[in-house]
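K.L.:
Take this sequence and fold it.
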Amino acid sequence: MARFLQGSRLYFAVTVLMCAFVSINGVGLNDLLERASQLSDKLHSLSTSLTNDLDSHFTPIGRMMMPRPSMCHTSSLQIPNDKDQALRVPVDELLALTRSLLLAWSDPLALLSSEASSLAHPQHSTIKSKTRELQDNINSLGAGLERLVHKMGSSSENLSDLPFLINNLGQDKTSRLVNFHFLLSCFRRDSHKIDSFLKVLRCRAAKKRPEMC
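P.N.:
Below is the predicted model of the structure:
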């Protein structure tokens, strides 16, 4: 499993680097931000749909076993709590926060994708398909953000390292389902933040007044 996750990270990095060299000057900044916002919106919608699928067969005992949101591996990242705070964060820093959150989900989503087909859930095939779709979209958004970095002349030095050290979801079917649901709930929360930050960046690039964002 560790080798699989390392391979996933390498694939993600190579995909991003390849796309970074594809005619970054051919698309305007506002268009890049619009495309990134559309992808992030799709990510959040898909994670919400996937959460609803899981909820259709999730017992009260499973809910009691769910870890607290503060245990999400991205909880240590200091991020704005709302739109007003995000509007006060410099553009470079907000883009770096967005990229840090996105990169932090490369390995966890690979784990979810590999575990989906063996979940003790009647909709495991649908869950597997949607989880793979999440992976495809996060790779596309990562490539888009890399193009934004080049377009805006930003730096990668401010990226936060948020390691994910888990290589399995548990030994019994209940633990596996609970931990799958927990990881997905963490991603759903973070995908909402990513979507919000990108929309703020899009608004600021369009030079709109803060109250219009």
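K.L.:
use CA for all of it now, contacts and neighbours both
P.N.:
Noted.
K.L.:
Any figure for the gap between Asp136 and His150?
P.N.:
Here the distance between Asp136 and His150 works out to 22 Å (CA to CA, to the nearest Å).
K.L.:
If you could redo that for Ile166, that was the one I meant.
P.N.:
In terms of CA to CA, Ile166 sits 32 Å off from His150.
K.L.:
buried stuff in the longest helix anywhere in the chain?
P.N.:
Selection of the longest helix in the chain by residue count, based on DSSP state H, yields helix 173-205. Buried residues in helix 173-205, defined by neighbour count with 16 or more other CA atoms under 10 Å: 174, 176-204.
K.L.:
could you say which helix or strand contains the one residue sitting closest to the centre of the chain?
P.N.:
The structure's the chain has its C-alpha centroid closest to Leu102; by CA atoms, centre = their mean the separation is 4.3 Å. In this structure, Leu102 sits in helix 91-103 according to DSSP states H and E.
K.L.:
pull the CA atoms of that helix into CSV?
P.N.:
Taking C-alpha atoms only, helix 91-103 is exported to CSV below (Å, rounded to 0.1, in the frame of the first residue of the first chain):
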residue,chain,number,x,y,z
VAL,A,91,-3.1,36.8,-3.0
ASP,A,92,0.1,34.8,-3.0
GLU,A,93,-0.6,33.5,0.5
LEU,A,94,-4.2,32.5,-0.3
LEU,A,95,-3.1,30.7,-3.5
ALA,A,96,-0.4,28.9,-1.4
LEU,A,97,-3.0,27.9,1.2
THR,A,98,-5.3,26.5,-1.5
ARG,A,99,-2.5,24.5,-3.1
SER,A,100,-1.4,23.2,0.3
LEU,A,101,-4.9,21.9,1.0
LEU,A,102,-5.2,20.3,-2.4
LEU,A,103,-1.8,18.6,-2.3
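K.L.:
if we look at stretch 175-194, which residues are touching it?
P.N.:
40-41, 43-44, 47-48, 51, 54, 62-63, 65-67, 69, 72, 98, 101-102, 105, 108, 112, 119-121, 169-170 (CA atoms under 8 Å, 6 or more residues apart in numbering).
K.L.:
Likewise for stretch 93-102?
P.N.:
74, 79, 86, 138, 142, 145, 156, 158-162, 190, 193-194, 197-198, 201.
K.L.:
Check stretch 45-63 too.
P.N.:
If you take CA under 8 Å, 6+ apart as the criterion, stretch 45-63 is touched by 121-123, 127, 130-131, 134, 174, 178, 181, 184-185, 187-188, 191.
K.L.:
Name the nearest residue to Arg202, sequence neighbours excluded.
P.N.:
Leaving aside its sequence neighbours, Arg202 sits nearest to Leu33 (CA to CA, 6 or more residues apart in numbering; 5.4 Å).
K.L.:
Okay, and that neighbour sits in which element?
P.N.:
For Leu33, the enclosing helix or strand under DSSP H and E is helix 29-55.
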